[in-house]
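*Asks:* Just the structure for this:
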Amino acid sequence: MEVPGKKRDSDLDKCSADATVFCQPCGEGGKRAVAQGFCQTCEEYMCAPCVEYHRRLKMSRNHILLSKDKMPSFYQSTKKSAIADTEYCNNHPMEMIKFYCPTHGALGCDDCVVLDHRSCKVDYIADVAKEFVTGKEFRELEPSIKRVEDLLSAFISNVKEIFGDVKNQSKVEIDKLRKFRAEINTYLDRREKELLDNIEKIKTEDENVLIALKTDCEMMKTGLDAMRKEVTSGDVSVNQQYVAARRGRKELRGIRDEMEKIVGRMKAEVSVY
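*Replies:* Here you go, the predicted model:
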């Protein structure tokens, strides 16, 4: 069998070593791409994108793929036309799907039927396919696909809407948090200023009280010094000393009373931080 798109010598039984082989799937679609691999299971040459897609596709991921350096320069197909009507079995890559088991809802090849569905009543695809594709179940498949597709589209739209709501709500909460933090900072700044002002005020008041107490104490000490000199002076008469002593005792009682008042003022008026 001549491979589509392949340049061959006039001798059809031989192929030159440098003959260019092109991708067969792309050739069927009207494109021309140099083959970079060969699938032994499908018996087809493929370009790099087709090889990669072939590996990812569920129905062909287990196929035997040869790289460019190992692929044959010419391949005579052994596939039968009847085999090409279905697909290769996922469980047995060298076998074609020929049966459907209604009990298990499973497609399979000869090996699958023997191994897993021996007791089941299976349908031979070649016998039931034509009637099935003209029947009600097949006709309803496309509308069912459309309905599910519409549901999925609605779900996607709903998810996008919810995603937007989540994003907006997150922004709202972040804005609230930052506003709350700004309010706290403003409050703390205001309270700090109030407390600093209050501390400074108390400090000034306490200093004034202490200055006044110090002044009073110094004045009383000065009075005591004058009293001592008057009482102990030898330049005055005895009568003058008597008068000074009596007056001094009275003044001394007054000074002691005043000292007790000073102690009370110090306890009451000087603040403790």
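
*Asks:* so is L66 in a helix, a strand, or just coil?
*Replies:* Taking DSSP: H, G, I helix; E, B strand; the rest coil as the rule, one finds L66 in the strand state.

*Asks:* count of residues packed around it?
*Replies:* The number of residues packed around L66, counting by other C-beta atoms under 10 Å, is 15. C-beta: built from backbone N, CA, C; applies to glycine.

*Asks:* So the residue of the chain most remote from its centre versus K68, what's the distance?
*Replies:* Using C-alpha atoms, centre = their mean, the residue of the chain lying farthest from its centre is S237. It sits 104.1 Å away. Counting by C-beta to C-beta, to the nearest Å, the gap from S237 to K68 is 143 Å.

*Asks:* Surely L196 forms part of a strand?
*Replies:* No - read with three-state DSSP, L196 is helix and lies in no strand.

*Asks:* what does the model give it for pLDDT?
*Replies:* pLDDT for L196: 94.

*Asks:* With the one 4 residues further on instead?
*Replies:* On the pLDDT scale, E200 is placed at 93.

*Asks:* From R190, how far off is it?
*Replies:* 16 Å.

*Asks:* Burial check on the closest residue to P102 other than its chain neighbours, number of neighbours?
*Replies:* Distances taken as C-beta to C-beta, 6 or more residues apart in numbering place D123 nearest to P102, at 6.7 Å, with adjacent residues excluded. Counted with other C-beta under 10 Å, the neighbours of D123 add up to 16.

*Asks:* And V159, by the same measure?
*Replies:* Per other C-beta under 10 Å, the neighbour tally for V159 reads 10.

*Asks:* Could you tell me the phi and psi values at it?
*Replies:* According to degrees, to the nearest 10, the main-chain angles of V159 amount to phi -60, psi -40.

*Asks:* Equivalent analysis for G30, please.
*Replies:* phi 80, psi 10.

*Asks:* Look up how far Q36 lies from it.
*Replies:* Going from G30 to Q36 by C-beta to C-beta gives 19 Å.

*Asks:* In terms of neighbours, single out the busier of these two.
*Replies:* Remark: of G30 and Q36, Q36 carries more neighbours, 19 against 6, as counted by other C-beta under 10 Å.

*Asks:* what's the pLDDT at the more buried one?
*Replies:* pLDDT, Q36: 94.

*Asks:* Contacts only, for it.
*Replies:* 23, 46-48, 51, 67-68 (C-beta atoms under 8 Å, 6 or more residues apart in numbering).

*Asks:* if we go to 10 Å?
*Replies:* 21, 23, 45-52, 67-69, 71 (C-beta atoms under 10 Å, 6 or more residues apart in numbering).

*Asks:* Quick check: I255 touching M227?
*Replies:* Yes - taking C-beta atoms under 10 Å as the definition, I255 is a contact partner of M227 at 8.9 Å.

*Asks:* quick one: low-confidence parts of the stretch 151-273 of the chain?
*Replies:* 268-273 (pLDDT under 70).
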